[in-house]
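In: predicted model, plus sequence, below.
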Amino acid sequence: MTRQTHYRACHLCEAICGLVIETDGKEILSIKGDRDDPLSRGHICPKAVALRDIHEDPDRLRRPVKRVVGEDGEHHWQEIEWEEALDTTARRLVETIERDGVHAVGIYLGNPSVHNYGMMTHQGNLFRYIRTNNRFSATSVDQLPHHLAALWLFGHKSLFPIPDIDHTDYFLMLGANPLASNGSLWTVPDVKKRIKALKARGGRLVVIDPRRTETARLASEHHFVTPGTDALFLLGLLHTLFEEKLVDPAHLADFTTGLAEVEQAIAGFTPEFSADHTGIDAADTRRIARELAAAGAGICYGRMGVSTQAYGALCQWLIQVINIATGNLDRPGGVLFATPAVDMLATTSPGGFGRHRSRVRDLPEFDRELPVAALAEEITTPGEGQIRALFTGAGNPVLSTPNGRQLDDALKQLDFMVSLDPYINETTRHADIILPPTSPLEHDHYDISFHLLAIRNTTRYSEPLFDKPGDSLHDWEIFAELGNRVAALLGQEPQPVVPPEQIVDLGLQSGPYRDQGLSLQTLRDNPSGIDLGPLRAQLPGRLCTRDKQIRCDTPEPLADLDRLKAEFEQPHHGLLKLIGRRHVRSNNSWMHNYRRLVKGKERCTLLMHPGDMARREIDDGVTVTISSRAGSVSVPVEASEDMMPGVVSLPHGYGHNRKGIRMAVAREHPGASCNDLTDDRYLDALSGNAALNGVLVSVVPS
Ligand SMILES: Nc1nc2c(c(=O)[nH]1)N[C@H]1C(S)=C(S)[C@@H](COP(=O)(O)OP(=O)(O)OC[C@H]3O[C@@H](n4cnc5c(=O)[nH]c(N)nc54)[C@H](O)[C@@H]3O)O[C@H]1N2
Ligand SMILES: Nc1nc2c(c(=O)[nH]1)N[C@H]1C(S)=C(S)[C@@H](COP(=O)(O)OP(=O)(O)OC[C@H]3O[C@@H](n4cnc5c(=O)[nH]c(N)nc54)[C@H](O)[C@@H]3O)O[C@H]1N2
Ligand code: SF4
Ligand SMILES: [Mo]
């Protein structure tokens, strides 16, 4: 009788699939793919159904909680009223600012904050009063190198070239596994079907990865690569393009400079030099370069594996220089810029680099954030500017940042910590107060992040499925409430609070499709979304560089070539290299509390090549101890011919067996944290991004 059909975009990953959700009163009856969504065309993955589990999870906090020490000396959580939670938080933050200065407040924002538009639009309502140098986010364990390459070449941190997979002839993919991740910095729902279509029309997919992944199995060709050596391979490609006179920026030529300088700078990096280190034959490198240059339209794309490694920024810059040198930038079937209906580029700062540096280790800022690998030391090292209070929002850095165990310990030393999060997990268990937002299905949704990364321009607004319970607050309302309180305590005028949907309405009406009459009302009338057409060429207009030129001879990555050369002049060592992996039923650290997703075979295992196991007398299935400079963990080992010899793989986001977390299902499948092995000292020295891949480890039977 109260049955209803709702249309909604899934916010769990970058694919932003359209969903059709049937409810009966407060009950969710079914979650299916929306065939009418012009982008996802009905595709969903197993995580979509877990939206129901998130909504219904008894462990999900519904009210703010405060940590108190009981008579037994143990910590307990006590539910408190919103007034008390917000007043206390604002007071403690302002006390810290007044006593120790604004830099004594640290901020960490995690990945779901970019999937939640209210967090995007309203974080400024609080953070405008806390202009601390100690801001951190998941960016520096993820896509920081992509931002730098975009800033250097195209003039804006978020101007990312998007692989036009549906129209390409040749796709060279490094360090990405979209079959598991559903695409990243690349919103591409149903990527499997699109790869199959590429092959069916005679195109090729070439995958470069130290593991024969699900994506590599589907590819036309896969090459193992030694972790952390991709920059050499990319240089070998570029070297071949120059040497064989295959460089032709075509339509880009009028506004592109600096390729000759790049040619000169990379002269020593031949495919032969590269082959010794990467494991990819010089002949293959040359052939791939020729094929890419000869393709009518081709793509070079690299993701996590070539971003979170020791040469992340150099790799991402080289990838775009290759796209430019082959004339594939801004070409249909190559890589193009998206034109979202609400265009963040117009309203966000282009970003900057190195304008201030971290206090303890002198690491560079990017976009007013410091590398999160420095968070623990900024808490534990005394002196002016030491972090004494921490705000975390939608993040779990204890499991997601390098040397997480060290951060776990550091968080105990804070005077005050507050977390905006629905769970008591490995990170938030250290908070004094946890502020839980409404469930995702209790608020509306508009994706202001991922349309900028999408393979097709579309737009879609989702109404909430359920009314929010009385006495609950959305993420954006929590930011606004805190901001108003902090302003009052600091004696400043509070900011007017404009609800997020009004901001989106304004964005639509002043955006690139304003002439088509787009507004929130049009989107409400079209709940499956509106198609705005394929990506199209728009250079030099879309460039954000001051002179609308692309200057390829970027000083920073060119200078980084010396570091690369110096490292690979050294002889090899006998240790194994650790890399990560993702599984379609998991999502970073926070989706392990839903039975539907964790069922089946144990996932937190170490994959290792049988030859490497035999040499160490390790039998399949036994528990092994993996050790690095940062620490040791023990997990079961799985023999796998899909691993490159000398490389082992462990997923991140596990390690749920710590005291005091309130996630019953996750605790039954705890696994161990990969980031107890990754190293806060092992970074891409150019960008400050964590090198989560290629960490040196030893493995022995436990
Ligand atoms: N070794 C290794 N480490 C990695 C990676 C790797 O590949 N290997 N990947 C890295 C990458 S790419 C990323 S993005 C990071 C992720 O790192 P983080 O963003 O720090 O961690 P998540 O696991 O995404 O944790 C998300 C948190 O947000 C909460 N949350 C979920 N939805 C909401 C919401 O709507 N509102 C609020 N307020 N909270 C919410 C969850 O309860 C959880 O606590 O991990 C990085 N760490
Ligand atoms: N199911 C699921 N989906 C997700 C997530 C999730 O946790 N689970 N996380 C989301 C997030 S936050 C992100 S950022 C994206 C990430 O999206 P992707 O980057 O597509 O996903 P990964 O599986 O991390 O792929 C990285 C690949 O790099 C390889 N690799 C490791 N080291 C190297 C190296 O040195 N060189 C090369 N060439 N390859 C290397 C790994 O073997 C792996 O196959 O996925 C998103 N989607
Ligand atoms: S692929 Fe991503 S967006 Fe699509 S249903 Fe799965 S989790 Fe949701
Ligand atoms: Mo990420």
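Out: Received it, and whenever you're ready, just let me know what you need. Ligands and ions are numbered 1, 2, ... in the order given.
In: and the top helix by length along the chain, does that touch ligand 1?
Out: Among the segments of the chain that qualify as a helix by DSSP state H, the longest is helix 82-100. No. Using CB under 6 Å from any ligand atom, we find that helix 82-100 stays clear of ligand 1, coming within 13.8 Å at best. Where C-beta positions appear, they are placed from N, C-alpha and C, glycine not excepted.
In: can you name the element that comes right after that helix?
Out: Remark: after helix 82-100, the chain's next helix or strand is strand 105-109, criterion DSSP states H and E.
In: so what strands line up beside that following strand?
Out: Sheet partners assigned to strand 105-109 using DSSP bridges are listed as strand 135-137 (parallel), strand 389-393 (parallel).
In: dump it to CSV, restricted to CA.
Out: Coordinates of each C-alpha in strand 105-109 appear next as CSV, following Å, rounded to 0.1, in the frame of the first residue of the first chain:
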residue,chain,number,x,y,z
VAL,A,105,44.0,21.9,15.1
GLY,A,106,44.5,19.1,12.5
ILE,A,107,41.9,18.1,9.9
TYR,A,108,41.7,14.8,8.0
LEU,A,109,39.0,14.2,5.4
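In: switch to numbering from 399
Out: New numbering, starting at 399: the last item is strand 503-507.
In: run the angle between that strand and helix 480-498 for me.
Out: Taking axes from the mean of the first three to the mean of the last three CA atoms, to 10 degrees, one finds strand 503-507 and helix 480-498 inclined to each other by 130 degrees.
In: so what touches strand 503-507?
Out: By CB atoms under 8 Å, 6 or more residues apart in numbering, the residues outside strand 503-507 that reach it are 491, 494-495, 517, 521, 525, 528, 530, 532-536, 770, 773, 776-777, 785-793, 795.
In: taking those residues, please make a PyMOL selection of just the buried ones.
Out: Selection of the buried residues among these in PyMOL, burial being defined by 16 or more other CB atoms under 10 Å:
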select buried, resi 491+494+495+517+521+525+528+530+532+533+534+535+536+770+773+776+777+785+786+787+788+789+790+791+792+793+795
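In: hmm, back to that, may I see the strands paired with strand 503-507 arranged in a markdown table, with mean pLDDT as well?
Out: Rendered in a markdown table, the data for those read as follows (pLDDT from 0 to 100):
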| stretch | mean pLDDT |
| --- | --- |
| strand 533-535 | 98 |
| strand 787-791 | 98 |
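In: for ligand 1, which of those strands is the nearest?
Out: strand 787-791 (5.4 Å; CB to the nearest ligand atom).
In: in this protein, which residue sits nearest ligand 1?
Out: Using CB to the nearest ligand atom, the single residue of the chain nearest to ligand 1 is Gly508, 2.6 Å away.
In: list the residues that contact that residue.
Out: By CB under 8 Å, 6+ apart, Gly508 lies in contact with Ser535, Ala536, Thr790, Gly791, Ala792, Gly793, Asn794, Pro795, Ser798.
In: re earlier: any chance of CSV for the strands paired with strand 503-507, columns distance to Ala885?
Out: Supplementary listing: the strands paired with strand 503-507 in CSV, determined by distance: least, CB to CB, whole Å:
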stretch, distance to Ala885
strand 533-535, 19
strand 787-791, 16
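In: what does the chain have sitting close to ligand 2?
Out: Residues of the chain lying near ligand 2 by CB under 6 Å from any ligand atom: 411, 509, 540, 572-576, 578-580, 582, 606-609, 611, 623, 625-626, 628, 701-704, 707, 977-982, 984-986, 1091-1092.
In: just those: which are in helices?
Out: Checked against DSSP H, the residues of the chain next to ligand 2 include these in helices: Pro576, Ala578, Ser579, Asp628, Met702, Gly703, Val704.
In: farthest pair in those residues?
Out: Spatial extent of those (CB to CB) is set by the pair Ala578 and Asp628 at 19.2 Å.
In: more neighbours, these two?
Out: The residue with more neighbours, out of Ala578 and Asp628, is Asp628; 30 against 17, by other CB atoms under 10 Å.
In: so who does that one touch?
Out: Residues in contact with Asp628, defined by CB under 8 Å, 6+ apart, are Leu572, Gly573, Ile606, Thr676, Gly700, Gly703, Val704, Gln707, Tyr709, Cys713.
In: can you pull the contacts of Ser1100?
Out: Applying CB under 8 Å, 6+ apart, we find Ser1100 in contact with Val1020, Thr1021, Val1022, Thr1023, Ser1032.
In: most neighbours, which of the residues you listed?
Out: Val1022 (23 neighbours).
In: so which helix or strand takes in that one?
Out: strand 1021-1025.
In: continuing past that strand, what's the next helix or strand?
Out: Following strand 1021-1025 in sequence, per DSSP H and E, is strand 1030-1037.
In: do that next one and ligand 1 meet at all?
Out: No. Shown here: strand 1030-1037 not in contact with ligand 1 (CB under 6 Å from any ligand atom), separated by at least 11.5 Å.
In: list the strands paired with that strand, with their directions.
Out: Strand 1030-1037 sits in its sheet next to strand 1004-1006 (parallel), strand 1021-1025 (antiparallel), going by DSSP bridges.
In: low-confidence stretches in the stretch 599-748 of the chain?
Out: For the stretch 599-748 of the chain, no stretch has pLDDT under 70.
In: now the strands: where do they sit in it?
Out: 602-606, 619-621, 654-655, 696-700, 733-734 (DSSP state E, counting those that start in this stretch).
In: so what's the closest residue to ligand 3 within the stretch 649-798 of the chain closest to, chain neighbours aside?
Out: Closest residue of the stretch 649-798 of the chain to ligand 3, CB to the nearest ligand atom: Arg701 (15.2 Å). Nearest residue to Arg701, sequence neighbours excluded (CB to CB, 6 or more residues apart in numbering): Ala574, at 3.5 Å.
In: repeat for Asp451
Out: Tyr992 is the one closest to Asp451 (CB to CB, 6+ apart), at 3.8 Å.
In: wait, what's in contact with that neighbour?
Out: By CB under 8 Å, 6+ apart, the contact list for Tyr992 reads Ala448, Asp451, Ile452, Asp455, Val1063.
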